[in-house]
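*Asks:* Fold the following for me, if possible:
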Amino acid sequence: RDRLHEVLKVHGWRDREARTAQIRKTIADVGLAEHVLERRPTYLSGGEAQRVVIARALLLKPDILIADEPTTALDVTIQAQILRLIAEIQARRNLAVLFVSHDLAVVADIADRILVMQDGRVVERGTPATLFRDPQHPYTRKLLAASRRGHKNAPPPPQQEALIQVEGLRTWFSEPGGRTVKAVDDVSLTLYRNEILGVVGESGSGKSTLGRSILQLIKPTAGSVRLRGTELTGLGERQLRPLRRHLQMIFQDPYASLNPRMSVFDALAEPLRYHRLAGRREVTALVLALMDDVGLPRSAIRKYPHEFSGGQRQRIAIGRAIATRPEVVIADEPVSALDVTIQAQILDLILALVARHNLSLVFISHDLSVVRYLCDRVLVLHHGKLVESGTTEALWQAPQDAYTRELLAAAPLLD
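*Replies:* Numbers count the residues shown, from 1 in each chain. Take a look at the predicted model:
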């Protein structure tokens, strides 16, 4: 409520009753109930928070709405709702909308005309139908090629050696007022050697909590997690330490996951030193090998995170994750913050590293096209429960659960 009042006060609305009436009208316009006004932003879902941001932009009845990546961090069902909302408001209020996005499927779904920019210049323009059917500029063709991923070409690896076995996993949290949040509720899964296992579901489905619970970064409430038969749940940090080198994680935000005070060398050397995998003489050679592995120039070894692009930072984060030569890596939305061409590079890097180092990967994502391109099998989570699982293409072609069908139907298609 205070944030919305602030916008109107800054623009000269002195009468509180007039401000309140305008806020109520606008909140209703974006499909929110009035009780949302009493909640803090941290208690809003991703979709609710984005609707509040849209309401702030609409309070002053603008003629032009600039939407800068408004759906990037949202899952496909919420993304579809927000796109539909923007289109409805645009028609209802006779607005002009400038929609900025790196997701070409979303742009194709909402735009009347498209401008393609490269290095600060417009290199091509046209309607979605003409531009996507017959792109003229090489950069547009490159963007389209990176966006049209399709399915994974390689056959799934044989399910011979089970690395991670999860049985009846529950991770519950208590909120103020006594409410229990069942973030992960009775989930069982198996991850096999050299397999990429996708985990999908909307925001709040329990994807990230599942990944962190497997790694014991969050202590599960109940259930079992075994690494090659060794039970992890219930172990103290001292007992887990020798096992952690075999279980690593890639986080979503490459800007937040790297220490800004550490050079690339220090960031890559830290896990080697922590797990005592390299002495002073060997560490430089191992760090240089990691730079080669993730496609970064050796000359950048003494640079700091702020000197790199988002894609390069994610390569550094991947290098940290594979430094200990782990058997299992959990990647939590590792490409969601990247544009499509950099996404394609990082996905191909992940595929290459899985093959080269015989890795097994749990890949958490809300981007279904990425999951289809990368993963051998997929788990679908909904409200903390596992509602469907199967090989990727079988699940895409014939989803059995209604929620899975809803997810696939909500995903925008470039074609």
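*Asks:* and Arg325, how far is that from Gln345?
*Replies:* When distance is defined by CB to CB, to the nearest Å, Arg325 is 23 Å away from Gln345. Any C-beta I mention is one placed from the backbone N, CA and C, and that applies to glycine too.
*Asks:* do the same with Arg148
*Replies:* 15 Å.
*Asks:* Pull the number of nearby residues for Gly229.
*Replies:* Neighbours of Gly229 under the rule other CB atoms under 10 Å: 8.
*Asks:* do Leu189 as well
*Replies:* Leu189 has 19 nearby residues by other CB under 10 Å.
*Asks:* Read off the pLDDT value for it.
*Replies:* We note a pLDDT of 96 for Leu189 in this prediction.
*Asks:* Please apply the same query to Ser263.
*Replies:* At Ser263, the model reports a pLDDT of 95.
*Asks:* my guess is it contacts Tyr304, does it?
*Replies:* Yes: the pair Ser263 / Tyr304 is scored as a contact, 5.6 Å apart, by CB atoms under 8 Å.
*Asks:* what's near enough to touch the residue most central in space within the chain?
*Replies:* Nearest to the geometric centre of the chain sits Glu333, at 3.0 Å (CA atoms, centre = their mean). Listed by CB atoms under 8 Å, 6 or more residues apart in numbering, the contact set of Glu333 reads 208, 252, 364-366.
*Asks:* Thought Pro135 was touching Glu124, still the case?
*Replies:* Yes: in this structure, Glu124 is within contact of Pro135 by CB under 8 Å, at 6.8 Å.
*Asks:* and stretch 124-143, how far apart are its ends?
*Replies:* In stretch 124-143, first residue to last residue: 12 Å (CA to CA, to the nearest Å).
*Asks:* Now do it: distance to the chain's middle.
*Replies:* Taking CA atoms, centre = their mean, to the nearest Å, one finds stretch 124-143 lying 27 Å from the centre of the chain it belongs to.
*Asks:* Same question for stretch 384-403.
*Replies:* On the basis of CA atoms, centre = their mean, stretch 384-403 sits 19 Å off its chain's mean C-alpha point.
*Asks:* what comes into contact with that stretch?
*Replies:* 151-152, 156, 182-189, 198, 205-206, 209, 371-372, 375-382, 404-405, 408.
*Asks:* Tell me the buried residues in stretch 357-377?
*Replies:* By 16 or more other CB atoms under 10 Å, the buried positions in stretch 357-377 come out as 359-377.
*Asks:* Just the ones of those in strands?
*Replies:* 360-364, 377 (DSSP state E).
*Asks:* For Ala49, state which of the residues you listed is nearest.
*Replies:* Using CB to CB, Ile364 comes nearest to Ala49 of those, at 20.4 Å.
*Asks:* what's the closest one in contact with, if anything?
*Replies:* By CB under 8 Å, 6+ apart, the contact list for Ile364 reads 198-199, 207-208, 210-211, 330-333.
*Asks:* next one: phi and psi at Gln118?
*Replies:* In terms of degrees, to the nearest 10, the main-chain angles of Gln118 are phi -140, psi 130.
*Asks:* Per-residue pLDDT of the residue lying closest to it once chain neighbours are set aside, please?
*Replies:* With CB to CB, 6 or more residues apart in numbering as the criterion, Gln118 has its nearest non-adjacent residue at 4.6 Å, and that residue is Tyr139. Looking at Tyr139, its pLDDT is 94.
*Asks:* So Tyr139 sits against Arg121, correct?
*Replies:* No: under the criterion of CB under 8 Å, Tyr139 makes no contact with Arg121, lying 9.9 Å away.
*Asks:* Looking at these two, which is more packed in?
*Replies:* Legend: neighbour count by other CB under 10 Å for Tyr139 and Arg121, higher for Tyr139 (16 against 8).
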